[in-house]
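Trainee: Below: sequence and its predicted model.
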Amino acid sequence: QVQLVESGGGLVQPGGSLRLSCATSGSIFSINAMRWYRQAPGKQRELVAAITSGGSTNYATSVKGRFTISRDNAKNTVYLQMNSLKAEDTAVYYCNLDLRVTRTAPILYNNWGQGTQVTVSS
């Protein structure tokens with residue numbers, strides 16, 4: 001069974017930086033898209049950033065220019081570098097990815113981690 005574990009969250013002052021990581025465990029043949037979502041209290045979960053297996057990225061308008069998503073295919077890990085953090089970035093951040101457990105297995109979509117809390121406050 002594949003598990004995703006996020007880390008790197010915490011409390012940071014406005015203007016500060018954090019780097020989130022999402023590590024995987026279990027048998028994985030390949031990972032397609034990798035994504036970061038976030039959910040603030042009382043709000044819907046929103047897509048923050050995504051990266052394809054080829055390295056193409058896209059970002060929510062609210063984080064463009066401040067956040068950078070990257071992946072290490074050898075480690076099956078995805079990262080989110082967050083700079084110039086604002087109070088409105090406060091949320092639980094979740095990684096989400098699509099994967100195959102074997103070469104011939106169907107793609108398993110929308111695998112979620114448990115989330116990591118990011119709080120931006122002075």
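Mentor: In hand now; what should we look at?
Trainee: Please give me every residue in contact with S30.
Mentor: Applying Cβ atoms under 8 Å, 6 or more residues apart in numbering, we find S30 in contact with S53, L99, R100, R103. Just so you know, the C-beta spots here come from the backbone N, C-alpha and C atoms, and that holds for glycine as well.
Trainee: which of the residues you listed count as buried?
Mentor: L99 (16 or more other Cβ atoms under 10 Å).
Trainee: State the pair within the contacts of S30 that is farthest apart.
Mentor: Largest separation among the contacts of S30 by Cβ to Cβ: S53 and R103, giving 14.2 Å.
Trainee: hey, what's the residue nearest the centre of the chain bridged with?
Mentor: Residue closest to the mean C-alpha point of the chain, counted by Cα atoms, centre = their mean, is W36 at 2.9 Å. Taking DSSP bridges as the rule, W36 bridges to A49, C95.
Trainee: how about N83, what does it touch?
Mentor: S17, R66, F67, T68.
Trainee: Let's see which of the contacts of S30 end up in strands.
Mentor: L99, R100 (DSSP state E).
Trainee: List just the nearest of the contacts of S30 to T61.
Mentor: The nearest one, if we look at the contacts of S30 relative to T61 and count by Cβ to Cβ, is S53, at 24.0 Å.
Trainee: if I pick the closest residue to the closest one other than its chain neighbours, what's in contact with it?
Mentor: Distances taken as Cβ to Cβ, 6 or more residues apart in numbering put N32 closest to S53, at 5.3 Å, once the chain neighbours are dropped. Shown in contact with N32 (Cβ under 8 Å, 6+ apart): T52, S53, L97, D98, L99, R100, I107.
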